[in-house]
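A.B. asks: Provided below are the primary sequence and the corresponding predicted coordinates.
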Amino acid sequence: MEIPQNAVASVTLDGLVQRSDGSPVSASFHRCDVVPDMVQLFPVQAILDSDTHFTPPSRMFRPDRAPAPRPPSNLPPPGNVHLALNLGRFIGHGRSGIVFAAEQMTTAGTVDGENGASFPPLVVKVARRERCLSLAREAWFYDHLECLQGVVLPRCYGWFEMKLPCEWDVAAWRNYPTSNRGTDAEEGPSELMGYSSAKLRQHNITPTPFATELAEARDRVFVLVLERVGDTMEIPSRMREDMYAAYKEIALLSVDMSRDVKYNNILMAPESPPGLPSLPSPFTGLTHKLRVIDFELAMKTFFSVETLMKRCKGYFNF
């Protein structure tokens, strides 16, 4: 039985948090709900309409100037599973998060009336202290693209939060620093990055209150629990058609990935077993070899599929 992505209500994570004296802490996280309006549309329509020097080419936007609607969820009601994990080896890190393998220790609760749910191999993505908003945006896109989880995205088992007492410490924040010194509070959400602050003020455009709150948060730890997928592509030049097909599935739901198309963000599908088998696309019927990861710079847009693919395709020659 495949475990629904919303089965987990809480997570205990060992190996991530410690007290100031170095003694370990079992960190308890609760599931966060995705805020529906947290991600705004790109490009900003008010600024687009005010630009008298810009004449959009034919077919740049969808005919109705609206994004493709999110398909209805196929998930059952949220579950009550408590998942106990032990932080495993370091896998990688980037602008917004640090990724570790995660070993399932125990579960409590039921899935479809059965006890002791067993998950596929998992990873935990830990938000950097100054990038809580970025990880929340990534969680939003996993939710928005639910129908593509297991197709061209990893399965996402939730976005979880813990309040961080001042006497506790997350060693990963020090051990795996980023060369990018920006913060979410300085840069704002991805959909507003390309605009000057003066232009945004002129049109009274600001991030949503919840996005602002997360961008300024420094006393919380956020994690994503994800299905572990495969390694990077061995010979990317032989997989350009596969990359194009995978990104087109995402473009069909009006999501722009062009700000973060890179080699490390396109991985192979998980090996099954021990991983779960790939699912056929609900749009094309294709079963894909690749998985696209890292959605913190993704944008919800009303560009046409053709435009979105042109924006991404130029990056496929790594």
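C.D. replies: Everything's here; your move.

A.B. asks: Give me the distance from whatever helix or strand Ile98 lives in to the chain's centre.
C.D. replies: According to DSSP states H and E, Ile98 maps onto strand 97-108. Relative to its parent chain, strand 97-108 has a centroid offset of 17 Å by C-alpha atoms, centre = their mean, to the nearest Å.

A.B. asks: least trustworthy helix or strand in the protein by mean pLDDT?
C.D. replies: Every helix and strand of the chain was ranked by mean pLDDT, DSSP states H and E. The lowest is strand 114-115, at a mean of 62.

A.B. asks: Now do the same contact list for Ala171.
C.D. replies: 16, 18 (C-beta atoms under 8 Å, 6 or more residues apart in numbering). Where C-beta positions appear, they are placed from N, C-alpha and C, glycine not excepted.

A.B. asks: quick one: it and Arg19, what's the gap?
C.D. replies: In this view, Ala171 and Arg19 are 11 Å apart by C-beta to C-beta, to the nearest Å.

A.B. asks: and the residue most central in space within the chain, how far is that from Gly275?
C.D. replies: A centroid search over the chain (C-alpha atoms, centre = their mean) returns Glu138, at 2.8 Å, as the residue closest to the centre. Distance of Glu138 to Gly275, computed by C-beta to C-beta: 21 Å.

A.B. asks: the helices in the stretch 201-318 of the chain, which residues?
C.D. replies: Along the stretch 201-318 of the chain, the segments classed as helices by DSSP state H, counting those that start in this stretch run 209-216, 240-251, 305-313.

A.B. asks: Mean neighbour count, the ones you listed: which tops it?
C.D. replies: Neighbour counts (mean count of other C-beta atoms under 10 Å) averaged over each of the helices of the stretch 201-318 of the chain peak at helix 240-251, with a mean of 19.

A.B. asks: Let me see the residues that make contact with it.
C.D. replies: So helix 240-251 is contacted by 145, 148, 151-153, 236, 257, 261, 266, 281, 283-284, 286, 288-292, 305, 308-309, 312-313, 316-317 (C-beta under 8 Å, 6+ apart).
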